[in-house]
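[1] give me the fold of what follows.
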Amino acid sequence: MKINHHIIRGYDIRGIANKDLNPEIMEHFGRAYGTYMAKRDVTKVVIGRDVRLTGKEYQDAFTKGVLSTGLDVIDIGMVLVGRIYWAQYRFKTKGTVMITASHNPAEYNGFKASVDYSEALIAEQLEELVQIVEDEKYLTSDAPGSLEKIDITDEYFSDLIKRTNIEKKFKVVVDPTKSTPGAIVPELLRRAGCEVIEKNCDLDGSFPMGVPDPTETMVAERLSKEVLEAGADLGFSYDSDGDRVGIVDEKGTILWNDVLLSLFAIDVLHKHPGEKIMFNTLCSKVVPETIEKYGGEPFMWRTGHGFLKKKNQEVKAPFIGELSGHFFFSADFYNHDDGCYATLRLLDYLSRTNQTLSEAIKDLPEYISSPEIKVGCPDGKKVKLTEKISNKLRDDFKEAEVIDDERAGDGVRLEMKDSMFVIRYSQNGPYLTIKFEAKTEDKYNELKKYINNLLHDFSEVDWSFGVNVESLE
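    Now for the predicted structure:
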């Protein structure tokens with residue numbers, strides 16, 4: 001079976017539903033994954049899905065494929081990806097699959113698969129999985145595996161709540177843009193003692209309000225208004241599989257997630273003094289400056305939850321964070337991202353320190369920061385374009401540190417004393433991601449103009465697609 005290799009992302013499989021993927025292809029992927037895991041002595045696989053319109057059909061097809069290899073399947077239904085990883089420990093299996101395309105638009109679907117506890121298949125491993133599909137060299141079994149449906153909601157919620165201590169009764173807004181967390185997070189927060197105002201928590205897998213991405217300015221600004229209207233203590237937004245979080249404080253201030261990462265780093269370093277804190281290349285200079293101020297050791301690594309988790313097997317940082325809103329409390333929870341746990345952990349910290357969110361961040365270093373900007377670039381061109389950009393930056397900024405080694409991974413970071421910017425190609429889709437910041441408004445505007453002109457110089461950039469591109473104007 002021939003597969004479009006553009007659906008092989010850095011840490012999952014994602015493509016356009018009923019074009020790159022369909023039930024037949026998903027069944028083949030299920031057979032391939034069953035074959036791959038059986039060779040590693042795995043006998044059962046946990047499978048769940050998000051709310052996407054093709055989710056149930058694709059899950060059923062994938063499950064059929066796994067069962068044909070003789071492996072058992074535990075179906076835990078419509079869940080968030082953090083619960084999928086948590087289920088590994090509950091059912092004592094390395095095998096899990098989440099049918100999702102995360103924060104991609106509604107026409108996409110795909111899957112995230114595990115190879116070990118809290119460890120996703122990445123890069124070459126996904127290439128190997130696709131090769132099994134294309135060769136159709138599957139393990140077959142005389143007796144198919146068994147299928148069992150189990151609801152682990154109560155166990156999962158209880159475990160998360162007992163790991164935190166939220167004594168204050170917070171009033172919170174939850175707005176997941178009609179995606180999966182709307183059926184899950186409000187109930188969790190109520191069980192944790194919060195007053196919850198639900199906004200756009202009714203589910204619609206067609207995503208009529210747009211992409212459920214908490215890094216999008218439109219989503220963040222809507223949440224800000226909802227928090228102010230409700231007089232809430234803070235607001236939360238999520239992507240469709242619930243591993244990415246967005247935050248607004250009680251004043252309606254939008255907190256980009258590198259600021260939240262810094263706050264979490266302070267909390268973690270209090271319990272784990274002097275340790276390394278890992279963060280991704282897109283993060284603000286606020287992050288390393290805060291980590292150093294509180295006695296930790298900053299460790300920057302390439303963007304992508306799979307790459308960060310893999311690297312942390314070596315680094316053993318007690319905490320990892322990404323600008324996109326993935327947070328890993330590796331020492332206090334597990335070495336995977338879970339938006340539900342991150343939500344409770346923030347409330348625990350604010351309760352324990354008796355602060356509002358705005359009070360908690362007021363002493364952090366201040367930079368004028370852009371949101372995470374995305375501009376289109378075809379999958380077949382984005383890698384070479386990033387290399388061209390890196391070479392040009394070396395010529396244009398001779399006194400700056402240009403980071404384009406393994407720490408950047410899939411892009412380039414320009415580091416200066418009072419500013420920085422990043423341009424990288426996405427592992428999730430056909431686009432580039434840009435982030436920039438500066439200490440002063442003049443420097444910020446200077447960088448904005450430079451980046452805008454730089455990108456317009458390359459015909460490979462497709463301006464018909466964009467997120468937060470107004471931040472470059």
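
[2] what's the domain layout of the protein?
    The record assigns the chain these domain ranges, following automatic domain parsing: 5-151, 152-366, 368-472.

[3] host element of Leu447?
    Secondary structure from DSSP states H and E places Leu447 in helix 441-456.

[4] residues in contact with that helix?
    The list of residues contacting helix 441-456 from outside it, by CB atoms under 8 Å, 6 or more residues apart in numbering, reads 368, 370, 375, 389, 392, 396, 418-419, 421, 423, 432, 434, 436-438, 461, 471-473. For the C-beta atoms, the positions are set from N, CA and C on the backbone; glycine is no exception.

[5] ok, now with 10 Å
    Helix 441-456 is contacted from outside by 367-370, 373, 375, 377, 385, 389, 392-393, 396-397, 414, 416, 418-421, 423, 432, 434-438, 440, 461, 463, 469, 471-473, using CB atoms under 10 Å, 6 or more residues apart in numbering.

[6] what's the helix or strand following that helix packed up against?
    Beyond helix 441-456 in the direction of the C-terminus, DSSP H and E gives the next helix or strand as strand 462-467. With contacts taken as 3 or more CB pairs under 10 Å, 6 or more residues apart in numbering; DSSP states H and E, strand 462-467 sits against strand 373-376, strand 431-438.

[7] which helix or strand lies directly C-terminal to the shortest one?
    Pointing back at strand 373-376 there. helix 382-396.

[8] what angle separates that next one from strand 431-438?
    Between helix 382-396 and strand 431-438, the angle formed by their directions is 30 degrees, by axes from the mean of the first three to the mean of the last three CA atoms, to 10 degrees.

[9] tell me the strands beside the helix or strand just after helix 382-396, with direction?
    Taking DSSP H and E as the definition, the helix or strand that follows helix 382-396 towards the C-terminus is strand 401-403. Partner strands and pairing direction for strand 401-403 (DSSP bridges) are strand 411-415 (antiparallel).

[10] buried sites along the strand it pairs with?
    Of the residues in strand 411-415, 411-414 count as buried by neighbour count, 16 or more other CB atoms under 10 Å.

[11] go on, stretch 72-85?
    With burial defined by 16+ other CB under 10 Å, the residues of stretch 72-85 counted as buried are 72-76, 78-85.

[12] tabulate these (a markdown table), appending distance to Pro318 and secondary structure.
    Output for the buried residues of stretch 72-85, formatted as a markdown table (distance: CB to CB, whole Å; DSSP: H, G, I helix; E, B strand; the rest coil):
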| residue | distance to Pro318 | secondary structure |
| --- | --- | --- |
| Asp72 | 34 | strand |
| Val73 | 34 | strand |
| Ile74 | 30 | strand |
| Asp75 | 33 | strand |
| Ile76 | 28 | strand |
| Met78 | 31 | strand |
| Val79 | 26 | coil |
| Leu80 | 23 | coil |
| Val81 | 21 | helix |
| Gly82 | 18 | helix |
| Arg83 | 22 | helix |
| Ile84 | 23 | helix |
| Tyr85 | 18 | helix |
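
[13] just the buried members of the contacts of helix 441-456?
    Buried residues within the contacts of helix 441-456, counting neighbours by 16+ other CB under 10 Å: 367-370, 373, 375, 377, 385, 389, 393, 414, 416, 419-421, 423, 432, 434-438, 461, 469, 471-472.

[14] related to what we said a few turns ago, distance from the helix holding Leu447 to the middle of the chain?
    With CA atoms, centre = their mean, to the nearest Å as the basis, the distance from the averaged C-alpha position of helix 441-456 to the chain average is 27 Å.

[15] stretch 238-249 now?
    Once both centres are worked out by CA atoms, centre = their mean, stretch 238-249 turns out to sit 9 Å from its chain's centre.

[16] mind saving the C-alpha coords of that stretch as CSV?
    Output for stretch 238-249, consisting of C-alpha atoms alone and laid out as CSV, is shown next (Å, rounded to 0.1, in the frame of the first residue of the first chain):
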residue,chain,number,x,y,z
TYR,A,238,-7.1,23.8,25.1
ASP,A,239,-6.4,22.1,21.8
SER,A,240,-8.5,19.1,20.7
ASP,A,241,-6.5,16.4,22.4
GLY,A,242,-5.9,18.4,25.5
ASP,A,243,-2.1,18.4,25.8
ARG,A,244,-1.8,22.1,25.0
VAL,A,245,-3.0,24.8,27.4
GLY,A,246,-3.7,28.5,27.1
ILE,A,247,-4.0,30.9,30.1
VAL,A,248,-5.5,34.3,30.8
ASP,A,249,-5.2,36.0,34.2
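
[17] what's the burial count for Arg191?
    Taking other CB atoms under 10 Å as the criterion, the count of residues near Arg191 is 13.

[18] does it touch Thr164 like I think?
    No. At 11.5 Å, Arg191 does not count as touching Thr164 under the criterion of CB atoms under 10 Å.

[19] show the contacting residues for Val219.
    With contact set as CB under 10 Å, 6+ apart, Val219 has these partners: 103, 175-177, 200, 209-213, 237-239, 246, 254.

[20] that one in helix, strand or coil?
    Under the three-state scheme (DSSP: H, G, I helix; E, B strand; the rest coil), the conformation of Val219 reads as helix.

[21] separation between it and Ile373?
    As defined by CB to CB, to the nearest Å, Val219 lies at a distance of 14 Å from Ile373.

[22] could you pull out the helices for the stretch 101-250 of the chain?
    Counting by DSSP state H, counting those that start in this stretch, the stretch 101-250 of the chain has helices at residues 123-135, 153-162, 185-191, 217-230.

[23] now distance to Glu27 too, for these, in a markdown table please.
    Compiled in a markdown table, these are given as follows (distance: least, CB to CB, whole Å):
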| stretch | distance to Glu27 |
| --- | --- |
| helix 123-135 | 10 |
| helix 153-162 | 28 |
| helix 185-191 | 32 |
| helix 217-230 | 34 |
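
[24] in a markdown table, list those along with distance to Ser68 and mean pLDDT.
    Listed next are the helices of the stretch 101-250 of the chain as a markdown table, based on distance: least, CB to CB, whole Å; pLDDT from 0 to 100:
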| stretch | distance to Ser68 | mean pLDDT |
| --- | --- | --- |
| helix 123-135 | 13 | 95 |
| helix 153-162 | 29 | 98 |
| helix 185-191 | 35 | 98 |
| helix 217-230 | 40 | 96 |
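
[25] and the helices and strands packed on strand 462-467: which comes nearest Lys276?
    Closest to Lys276 of the helices and strands packed on strand 462-467, according to CB to CB: strand 431-438, at 22.4 Å.
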